[in-house]
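**Student:** quick one: sequence and predicted model below, then my questions.
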2 protein chains.
Amino acid sequence: MKKAVVLLSGGLDSTTCMAVAKSEGYQLYPVSFDYGQRHNRELALAKKVATYFEAKDHKIFTIQNVGGSALTDSNIDVPEYEGDGEIPVTYVPARNILFLSYALGYAEVIGAEAIYIGVSSVDYSGYPDCRPEFIEAFQQVVNVGTAAGVKGKGIDIKTPLMKLSKADTVKLGLELGAPYHLTTSCYKGGEEACGVCDSCVLRLKGFEEAGGEDPIPYKSK
Amino acid sequence: MKKAVVLLSGGLDSTTCMAVAKSEGYQLYPVSFDYGQRHNRELALAKKVATYFEAKDHKIFTIQNVGGSALTDSNIDVPEYEGDGEIPVTYVPARNILFLSYALGYAEVIGAEAIYIGVSSVDYSGYPDCRPEFIEAFQQVVNVGTAAGVKGKGIDIKTPLMKLSKADTVKLGLELGAPYHLTTSCYKGGEEACGVCDSCVLRLKGFEEAGGEDPIPYKSK
């Protein structure tokens, strides 16, 4: 059975990716990251999602926090959603580059032929490492910088949500039976989502436009 | 003073890079990695090299070992030098990609404008992530995938040894006063270098062709 490494944060997008990868016939090898995020509650939920999908293995890698972001430095507050096209202070330097690098090394070792990452450049926070040009550049790194790329069958970076609005992502996930009740998206990391950070606002908008009900609890929405 | 992150293994090439970066006027921020390498003795030497150069800070990041290489799996023996153009079993999946990703995140946080990596595609082991096409691809990741690349002054990946033979690297390091007595290169990680692994063979050849004496002890050479 073909294998895929799936970047799994325990959030809505990565859980949708798990459902997509499964529907495409892959054996799932999710990977999650403890990088000092204030919302590290997501790791417990990632475990539940991995279990739900009967993943073959679930690796949680620890990345030493060097700060530089509202998500990793408790001295920087998580702002409310602005959506002004600027890169917000929740940007974590090189985060997806690090995540993909870990996924890549692991994929080579286990012989996986795909890596799924739930980035989207439609309803997103403006992070540069969520855009198609970034994924294309990283794919080139895989192609020329690894043994799998140079001599083997290669490893595809798959981004099934790249062109989807949050509503389309929610619709896709609901169709495929993604367990959204097990997920969390709030940057603040409380048991009840705050409803006002970038991540909550985009998630709520997605459910509303998709005509579905978000099954997780909110403080306000 | 401008800042540079330098990938520092405690070996000959990265120590030469420290000397080059210093000579080019940078304040040095070396980073090293504990990735389960059997030759982890190099980390103690990296510390000595960092101290020698009066580095501003020296970070040692720990990367969880997922195996897949003779350098990280004690069940796979380190082979003697073959130089047949094949990628050897000492190849560590995605190693330089991970190292550069860490260096990049750190560089963004501290506002460094350069990352030095001592790769060479001349006298090397045949690893794909040591070649110019890999560095070019990673530079593109930096340019499109980070805030520094998209909105800031950018971060340059510098490879001063890329086109140098090992002999030319040794000559350059000796000119710049690189402390080679503090370095180690042997993949087997003993206090005396084995003299027969890829890394020892290339190092000894470098000193011999440069007309210098390697100051570290060998079992055989």
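**Tutor:** Nice, I can see it.
**Student:** need the longest helix for chain A.
**Tutor:** In chain A, with assignment by DSSP state H, the single longest helix is helix A:95-110.
**Student:** parallel or antiparallel, list what pairs with the next helix or strand after it.
**Tutor:** Remark: after helix A:95-110, the chain's next helix or strand is strand A:114-116, criterion DSSP states H and E. Using DSSP bridges, the strands paired with strand A:114-116 in its sheet are strand A:3-7 (parallel), strand A:156-158 (parallel).
**Student:** what about the helices in chain A?
**Tutor:** So, for chain A - with DSSP H - the helices run A:12-23, A:41-52, A:95-110, A:132-145, A:147-150, A:166-176, A:198-210.
**Student:** how close does the residue of chain A positioned farthest from its centre get to chain B?
**Tutor:** Distance from the C-alpha centroid of chain A, by CA atoms, centre = their mean, peaks at A:Lys151 (28.9 Å). Distance, A:Lys151 to chain B, using CB to the nearest CB, to the nearest Å: 7 Å. Every residue, glycine included, has its C-beta placed from N, CA and C.
**Student:** equivalent analysis for A:Leu202, please.
**Tutor:** Here the criterion is CB to the nearest CB. By it, A:Leu202 lies 19 Å from chain B.
**Student:** do you know the pLDDT at that residue?
**Tutor:** Listed pLDDT for A:Leu202 reads 92.
**Student:** next one, pLDDT for the residue nearest the centre of chain A please.
**Tutor:** The structure's chain A has its C-alpha centroid closest to A:Ser14; by CA atoms, centre = their mean the separation is 4.1 Å. pLDDT, A:Ser14: 98.
**Student:** that one contacts A:Val20, correct?
**Tutor:** No. A:Ser14 is beyond contact range of A:Val20, at 10.3 Å (criterion: CB atoms under 8 Å).
**Student:** check chain A for its longest strand and report it.
**Tutor:** Across chain A, the longest stretch assigned as strand under DSSP state E is strand A:27-34.
**Student:** got the angle for that one vs helix A:95-110?
**Tutor:** 140 degrees (axes from the mean of the first three to the mean of the last three CA atoms, to 10 degrees).
**Student:** what is the rounded mean pLDDT of strand A:27-34?
**Tutor:** 97.
**Student:** buried ones in it?
**Tutor:** Buried residues in strand A:27-34, counting neighbours by 16 or more other CB atoms under 10 Å in any protein chain shown, are found at A:Gln27, A:Leu28, A:Tyr29, A:Pro30, A:Val31, A:Ser32, A:Phe33.
**Student:** and it, C-alpha only, in PDB?
**Tutor:** Taking C-alpha atoms only, strand A:27-34 is exported to PDB below (Å, rounded to 0.1, in the frame of the first residue of the first chain):
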ATOM      1  CA  GLN A  27      -1.600   4.500   4.300                       C
ATOM      2  CA  LEU A  28      -1.300   7.500   6.600                       C
ATOM      3  CA  TYR A  29       1.800   8.500   8.500                       C
ATOM      4  CA  PRO A  30       0.800  11.800  10.300                       C
ATOM      5  CA  VAL A  31       3.500  14.000  11.800                       C
ATOM      6  CA  SER A  32       2.900  16.800  14.300                       C
ATOM      7  CA  PHE A  33       5.200  19.400  15.900                       C
ATOM      8  CA  ASP A  34       5.700  20.700  19.400                       C
END
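**Student:** which elements pack onto that strand?
**Tutor:** Strand A:27-34 sits against strand A:3-7, helix A:12-23, helix A:41-52, strand A:59-62, helix A:95-110, with contacts defined as 3 or more CB pairs under 8 Å, 6 or more residues apart in numbering or on different chains; DSSP states H and E.
**Student:** what angle do the third one and helix A:12-23 make?
**Tutor:** Here helix A:41-52 runs at an angle of 20 degrees relative to helix A:12-23 (the same axes, to 10 degrees).
**Student:** need the residues that contact helix A:41-52.
**Tutor:** A:8-11, A:14-15, A:18, A:28, A:30, A:32, A:34, A:58, A:60, A:179, A:182-184, A:189-191 (CB atoms under 8 Å, 6 or more residues apart in numbering or on different chains).
**Student:** pull the CA atoms of it into PDB?
**Tutor:** Extracted in PDB, the C-alpha atoms of helix A:41-52 (Å, rounded to 0.1, in the frame of the first residue of the first chain):
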ATOM      1  CA  ARG A  41      -3.500  21.700  23.200                       C
ATOM      2  CA  GLU A  42      -3.700  20.900  19.400                       C
ATOM      3  CA  LEU A  43      -1.200  18.100  19.900                       C
ATOM      4  CA  ALA A  44      -3.600  16.100  22.100                       C
ATOM      5  CA  LEU A  45      -6.300  16.600  19.400                       C
ATOM      6  CA  ALA A  46      -3.900  15.600  16.700                       C
ATOM      7  CA  LYS A  47      -3.400  12.300  18.500                       C
ATOM      8  CA  LYS A  48      -7.100  11.800  18.600                       C
ATOM      9  CA  VAL A  49      -7.400  12.500  14.900                       C
ATOM     10  CA  ALA A  50      -4.500  10.100  14.100                       C
ATOM     11  CA  THR A  51      -6.300   7.400  16.100                       C
ATOM     12  CA  TYR A  52      -9.600   8.100  14.400                       C
END
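**Student:** show me what counts as buried in that helix.
**Tutor:** By 16+ other CB under 10 Å, the buried positions in helix A:41-52 come out as A:Arg41, A:Glu42, A:Leu43, A:Leu45, A:Ala46, A:Lys47, A:Val49, A:Ala50, A:Tyr52.
**Student:** hmm, back to that, and the strands paired with strand A:114-116 as CSV, adding distance to A:Val66?
**Tutor:** Formatted as CSV, the strands paired with strand A:114-116 follow (distance: least, CB to CB, whole Å):
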stretch, distance to A:Val66
strand A:3-7, 20
strand A:156-158, 25
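**Student:** among these, which is the most enclosed?
**Tutor:** Among the strands paired with strand A:114-116, strand A:3-7 has the highest mean neighbour count (mean count of other CB atoms under 10 Å in any protein chain shown), at a mean of 25.
**Student:** redo the strands paired with strand A:114-116 as CSV? Include mean pLDDT.
**Tutor:** Shown next, in CSV, are the strands paired with strand A:114-116 (pLDDT from 0 to 100):
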stretch, mean pLDDT
strand A:3-7, 98
strand A:156-158, 98
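**Student:** what's the closest of these to A:Val170?
**Tutor:** Nearest of those to A:Val170, taken as CB to CB: strand A:3-7 at 18.2 Å.
**Student:** chain center to the closest one: distance?
**Tutor:** For strand A:3-7, the separation from the chain centroid amounts to 12 Å (computed by CA atoms, centre = their mean, to the nearest Å).
**Student:** backbone dihedrals for A:Glu113, please?
**Tutor:** Backbone torsions of A:Glu113, given as degrees, to the nearest 10, read phi -110, psi 0.
**Student:** quick check: it touching A:Lys158?
**Tutor:** No. In this structure, A:Glu113 is not within contact of A:Lys158 by CB under 8 Å, at 10.0 Å.
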